[in-house]
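Engineer: The following comprises the amino acid sequence and a computationally predicted model.
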Amino acid sequence: MPDRRGADLFEYLPEEIIDKILIQLPSKDVGRCRVVSTAWRSITSTPEFMLEHHRRQPSLPIINGDGRPASLVVIRGTGSCRASNQQLWPFLPGFQHRSKSDLHASCDGLLIIRHLSRYYICNPVTREHAFLPQLQVRQGFFNNIIGLYRHHPTGEYRVLWVSKSHNLCKISLHVLTVGSEEPRHVAVTMPGVSSPFMEHKFLMEICPLSSSPPPVHHGGSLHWFPYGGSPILGDGGDDIIVFDTEAESFRRMRGPTQLCSSRKLFEMKGALAFWGSPPPGYNTIDVWAMQDYEAEIWDFKYRIDPSTVEVSRQLYLASSKRKRKTPLDLTVQWFNDMVVLNERELLIKFNNKLVFRYDIGGKFLGMVNLGKRQYCMLLTQHRLQESIIPIPSHWRQGEDEEPPFSTGHV
């Protein structure tokens, strides 16, 4: 941590030089610098600095340790690929806390969290939160959050969600502007949805389940597969739902024509991408990327097959209970999930248990763990791009009398 003597030396440097130095620091170190020097605090608190600092941060995958003992953490680097020891605020470590808080959406360093029965928007870097009373469930209904996005014309952050009655007879789509008092109903306008019956069917298909992956933010739109597992309009092909966050309207686009299991979208090197496990064995992963977004042309990139990776044949998984080792190549039976770690590496989950690192060419790089011995984890598909921008004061309307989260450092 910088001290007062270091701050004195920096006072003789031009402000633009100091700005260029501070802008390259990690978020935690920027916070420490703010404590050391009033001038540094002033420099790092301008909107221009905070936005540029956020733009420079990497997009990090969020991993769920299911409370054994880790909770939600982020994978920050390569090498041994051990997750950050610091918990993702406001989630607490330990099995007893795992059912109290759920992550529902993420965007620009902000998280939508349901804690017990209440919804909050949180910034895990600044450790600030705001209660979202408008998302509280009406009697006889339940809410399913689709995503959080920034409406670029206004700069507002908005939550897209579906409200359903318990008997599924009533279903409606809503948008909440964070900080506003009332959500607004959104009518579905897209080709093929021209009647109340078709709108009801459409909303049922796009309504996420608790285990559904979040939409992918790409090119000013949210993208996701229908959660019902079949084309929405019933005319064949893989439908991808696209929600334009500026016009707040829907359309659909075609995915790769190849039949795949466990299909999911992600962003890779600035392009919309797709992965899935093809038949017959569903034990390999095919990766596709969008070659031409406007023309909806997909390009096959590569296939990952663990049986062709020589390194995996020498890797063993040690069991601390039975004191024996099991050859890893005998345990790989099917793929469960995959996320992008960075532009060069992927994290891939096998057999509902193990997570490995591969490079984008399919080369095996090693195993991922949380701490020293925890190998069981979930790839949430949520991502965090850290932000030091504080939560606006007008978002805090209707705040709880007692804060639900500790703001102390863990």
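Structural biologist: Looks like it arrived, so ask away.

Engineer: just for the stretch 1-150 of the chain, where's the confidence low?
Structural biologist: Scanning the stretch 1-150 of the chain for pLDDT under 70 picks out the ranges 1-11, 67-69, 77-86, 95-99, 137.

Engineer: could you pull out the helices for it?
Structural biologist: Secondary structure of the stretch 1-150 of the chain (DSSP state H, counting those that start in this stretch): helices at 4-10, 15-22, 27-36, 38-44, 47-56.

Engineer: so which of those helices gets nearest Cys122?
Structural biologist: Ranking those by proximity to Cys122 (Cβ to Cβ) places helix 27-36 first, at 14.5 Å. All C-beta atoms are positioned from the backbone trio N, CA, C, and that covers glycine.

Engineer: So which elements touch that closest one?
Structural biologist: helix 4-10, helix 38-44 (3 or more Cβ pairs under 8 Å, 6 or more residues apart in numbering; DSSP states H and E).

Engineer: Need the residues that contact the last one.
Structural biologist: So that's helix 38-44. 7, 10-11, 15, 18-19, 22, 30, 33-35, 49-50, 53, 388 (Cβ atoms under 8 Å, 6 or more residues apart in numbering).

Engineer: what's near enough to touch the residue lying closest to Leu116 once chain neighbours are set aside?
Structural biologist: Ranked by Cβ to Cβ, 6 or more residues apart in numbering and with sequence neighbours excluded, the top spatial neighbour of Leu116 is Lys100, at 6.1 Å. The contact partners of Lys100, by Cβ under 8 Å, 6+ apart, come to Leu92, His115, Leu116.

Engineer: Restricted to buried residues, select these in PyMOL.
Structural biologist: Applying 16 or more other Cβ atoms under 10 Å to these, the buried members can be selected in PyMOL as follows:
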select buried, resi 92+115
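
Engineer: quick one: which of the contacts of Lys100 is nearest Leu259?
Structural biologist: For those, the nearest to Leu259 is His115 (39.9 Å; Cβ to Cβ).

Engineer: Check whether that closest one really touches Leu103, as I assumed.
Structural biologist: No. If you go by Cβ atoms under 8 Å, His115 and Leu103 don't touch, sitting 10.5 Å apart.

Engineer: so Glu128 bridges to which residues?
Structural biologist: Asn123 (DSSP bridges).

Engineer: and it, how many neighbours?
Structural biologist: Look at Glu128: counted by other Cβ atoms under 10 Å, it has 19 neighbours.

Engineer: Kindly report the same for Ser261.
Structural biologist: Residues near Ser261, counting by other Cβ under 10 Å: 11.

Engineer: Please list all residues in contact with it.
Structural biologist: By Cβ under 8 Å, 6+ apart, the neighbours of Ser261 are Gly276, Ser277, Pro278, Pro279, Tyr282.

Engineer: what's across from it in the sheet?
Structural biologist: Assigned bridge partners for Ser261, using DSSP bridges, are Ser277.

Engineer: Same check on Glu345?
Structural biologist: Asp359.

Engineer: now Ile304
Structural biologist: Ile285.

Engineer: three-state assignment of Leu222?
Structural biologist: The three-state label given to Leu222 by DSSP: H, G, I helix; E, B strand; the rest coil is strand.

Engineer: ok, now which ones touch it?
Structural biologist: Leu222 neighbours (Cβ under 8 Å, 6+ apart): Ile146, Gly147, Tyr149, Leu160, Pro215, Val216, Ile241, Val242, Phe243, Thr245.

Engineer: again with Val287
Structural biologist: Here Val287 is in contact with Met268, Ala273, Phe274, Trp275, Phe300, Lys301, Tyr302, Arg303, Ile304 (Cβ under 8 Å, 6+ apart).

Engineer: Columns distance to Gly192 on top of the contacts of Lys100, output as JSON lines?
Structural biologist: Listed next are these as JSON lines, based on distance: Cβ to Cβ, whole Å:
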{"residue": "Leu92", "distance to Gly192": "45"}
{"residue": "His115", "distance to Gly192": "38"}
{"residue": "Leu116", "distance to Gly192": "39"}
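
Engineer: Would you tell me which one of the contacts of Lys100 comes nearest to Val368?
Structural biologist: Leu92 (21.8 Å).

Engineer: Neighbours of the residue nearest to that closest one when sequence neighbours are not counted, how many?
Structural biologist: Of all residues not flanking Leu92 in the chain, Ser71 sits nearest, at 6.1 Å (Cβ to Cβ, 6+ apart). Number of residues near Ser71 (other Cβ under 10 Å) recorded here: 24.

Engineer: what's the helix or strand where Trp275 lies in contact with?
Structural biologist: Here Trp275 sits within strand 271-277, counting by DSSP states H and E. Contact with strand 271-277 is made by 216, 218-219, 223, 255-256, 258, 260-267, 283-291, 293, 298, 301, 334-335, 338, as judged by Cβ under 8 Å, 6+ apart.

Engineer: how distant is that strand from the center of its chain?
Structural biologist: 16 Å (Cα atoms, centre = their mean, to the nearest Å).

Engineer: Could you pull up the mean pLDDT of it?
Structural biologist: Per-region confidence: strand 271-277 scores 89 on mean pLDDT.

Engineer: Only C-alpha atoms, please: export that strand in PDB.
Structural biologist: Extracted in PDB, the C-alpha atoms of strand 271-277 (Å, rounded to 0.1, in the frame of the first residue of the first chain):
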ATOM      1  CA  ALA A 271     -17.500 -11.800 -31.600                       C
ATOM      2  CA  LEU A 272     -20.700 -13.700 -30.700                       C
ATOM      3  CA  ALA A 273     -19.800 -17.400 -30.300                       C
ATOM      4  CA  PHE A 274     -21.500 -20.700 -29.700                       C
ATOM      5  CA  TRP A 275     -20.500 -24.000 -28.200                       C
ATOM      6  CA  GLY A 276     -22.200 -27.400 -28.000                       C
ATOM      7  CA  SER A 277     -21.600 -31.100 -27.700                       C
END
